[in-house]
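Q: Prediction below, plus the sequence it came from.
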Amino acid sequence: MSEQDEAKQEINLLDSSPSTTPSTATISKLSTYRYNTRSSAAASSSSRSNSVFSDSAIDAQLKYLLGREAELQLQIKELSEEIAQLQAKITNQNQDNSATPNICWEEFEAPEWCVPIKADVLTFEWDVFAKECQFDVILMDPPWQLATHAPTRGVAIAYQQLPDICIEELPIPKLQKNGFLFIWVINNKYSKAFDLMRKWGYTYCDDITWVKQTVNRRMAKGHGFYLQHAKETCLMGRKDPPGCKHSISSDVIFSERRGQSQKPEELYEMIEELVPNGNYLEIFGRKNNLRDYWVTIGNEL
C-alpha cells in the first residue's frame, strides 16, 4: 500500500472516530498528503493558466502578422502602380525627345539681314565696337558656371562655362546709354543676375517665363536636382528706355524645346514689338538664334 493510500485510510479512520488522538507519524503522513495534494492542484491550475495565456499570445501575434501582411500587400500594389506610371512617362518622354528635330548645320543658311560676328566675347574689342554702335536692346544668354557638385547631373554640356567674374567684366554700359537688358538665368544665378543689373546701371522691371513643350505640345520636362525643370526665365532690366510700347504681350511663352541652348523665337518677336525698329544686340549668340536686323556675337557662330 502506498503512502498516499495509507494517508487516505488514516483520514477515514479519524473521520469515523473523532475522539481518537492521532499519532505523530499519522500527523506527519497527513501533512505530507495535504501538501502534495495542494501542490498538485496548484500545478494543475498553473498549467491551465499558462496554457490559456499562451493561446492568447499566439492569437494576438497571429492577428498582428495578418494585419502586417495586408499592409505590405497594399504597399506592393501601390508601388507596382507607381512603377507602371513612371515607365509610361519615360516611354512618352523618350518618344517626344526622339521626335525633336536635329539641325543640319551643313545645310544651314543664315537669315539675309542678320549680322553675325564670330568672336570670343572675353577678348573682343568692345571699346572700338561701342564707339561705332549703340543698342536699344541687349539680350544675353551667359554660359553660367554650374554648381561644382554633380555639375551636369548626367546631362552633357556642349559649351564652355564661364565664371561669374568673366561675365561681370563685360562692358555692357558702354554699349547702351539707355534701353533694355534681357538676361537668361539659371536657378542658382538669380541673385548674381540681379547684382549684375544693378552694377551695370539697370533697374529690374519684369521677367519672362518660357514653358518648354514637346512637338506634341506636352510639357517638356528636363533634368533638375530636386524637381524636373520644364521652364527657363529671362530677367528684364531697363535704363531710361526711349520710344518703347507698353502691355504688348504676355510674360509667359509656351514654345517647343529644340536644340540645346536654343531659345524661343517668340522672345525676339516680343522684343521687336516692345522696341520697334530698334538696334538689337545678342551676346553669347548661336547659329540657331540668328535673326534679321540683329547683331549677334559669339564663338559658336
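A: Cool, got the structure.

Q: Next, give phi and psi for Gln61.
A: Gln61 adopts backbone torsions of phi -60, psi -40, taken as degrees, to the nearest 10.

Q: Buried ones in stretch 166-178, by neighbour count?
A: For stretch 166-178, burial by neighbour count (16 or more other C-beta atoms under 10 Å) applies to 167, 170, 172, 175-176. Using the backbone N, CA and C atoms, a C-beta is placed for each residue, glycine as well.

Q: Mind putting those into TSV with pLDDT?
A: Below are these laid out as TSV (pLDDT from 0 to 100):
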residue	pLDDT
Ile167	95
Leu170	95
Ile172	96
Leu175	96
Gln176	94
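
Q: Looking at the residues you listed, which is nearest Trp200?
A: Ile172 (4.6 Å; C-beta to C-beta).

Q: Now do the contacts for the nearest residue to the closest one once chain neighbours are set aside.
A: Nearest residue to Ile172, sequence neighbours excluded (C-beta to C-beta, 6 or more residues apart in numbering): Trp200, at 4.6 Å. With contact taken as C-beta atoms under 8 Å, 6 or more residues apart in numbering, Trp200 is in contact with 172-173, 181, 237.

Q: Distance of Trp200 relative to Val121?
A: Separation of Trp200 from Val121 (C-beta to C-beta, to the nearest Å): 15 Å.

Q: Please, where are all the strands along the protein?
A: For the chain, the strands defined by DSSP state E cover 115-118, 137-140, 179-185, 203-213, 231-239, 252-256, 280-283, 294-298.

Q: Gln145 contacts Asp164, doesn't it?
A: Yes - using C-beta atoms under 8 Å, Gln145 is in contact with Asp164, at 6.9 Å.

Q: So these two - more neighbours on which side?
A: Gln145 (18 against 15; other C-beta atoms under 10 Å).

Q: now that one, nearest residue through space, not along the chain?
A: Using C-beta to C-beta, 6+ apart and skipping the chain neighbours, the partner closest in space to Gln145 is Gln161 (4.4 Å).

Q: mind listing what the one you found touches?
A: Contacts of Gln161 (C-beta under 8 Å, 6+ apart): 143-146.

Q: Closest to Gly67 out of those residues?
A: Set against Gly67, the nearest of those by C-beta to C-beta is Leu146 (48.9 Å).

Q: wait, doesn't that closest one sit right on Ile186?
A: Yes - if you go by C-beta under 8 Å, Leu146 and Ile186 touch, sitting 7.5 Å apart.

Q: ok so, going back, show me the one of the strands of the chain that comes nearest Gln87.
A: strand 203-213 (22.3 Å).

Q: For the closest one, which residues meet the burial criterion?
A: Buried residues in strand 203-213, counted by 16+ other C-beta under 10 Å: 207-208, 210, 212-213.

Q: which residues does Ser255 form a beta bridge with?
A: Lys212 (DSSP bridges).

Q: Around it, how many other residues sit close by?
A: Around Ser255 sit 15 other residues, with neighbours defined as other C-beta under 10 Å.

Q: list the contacts for it?
A: 210-213, 264-266.

Q: can I get those in TSV with distance to Asp251 and pLDDT?
A: Listed next are these as TSV, based on distance: C-beta to C-beta, whole Å; pLDDT from 0 to 100:
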residue	distance to Asp251	pLDDT
Trp210	10	95
Val211	11	94
Lys212	16	93
Gln213	17	92
Pro264	13	93
Glu265	17	93
Glu266	11	94
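
Q: Nearest to Ser247 among those residues?
A: Glu266 (16.4 Å).
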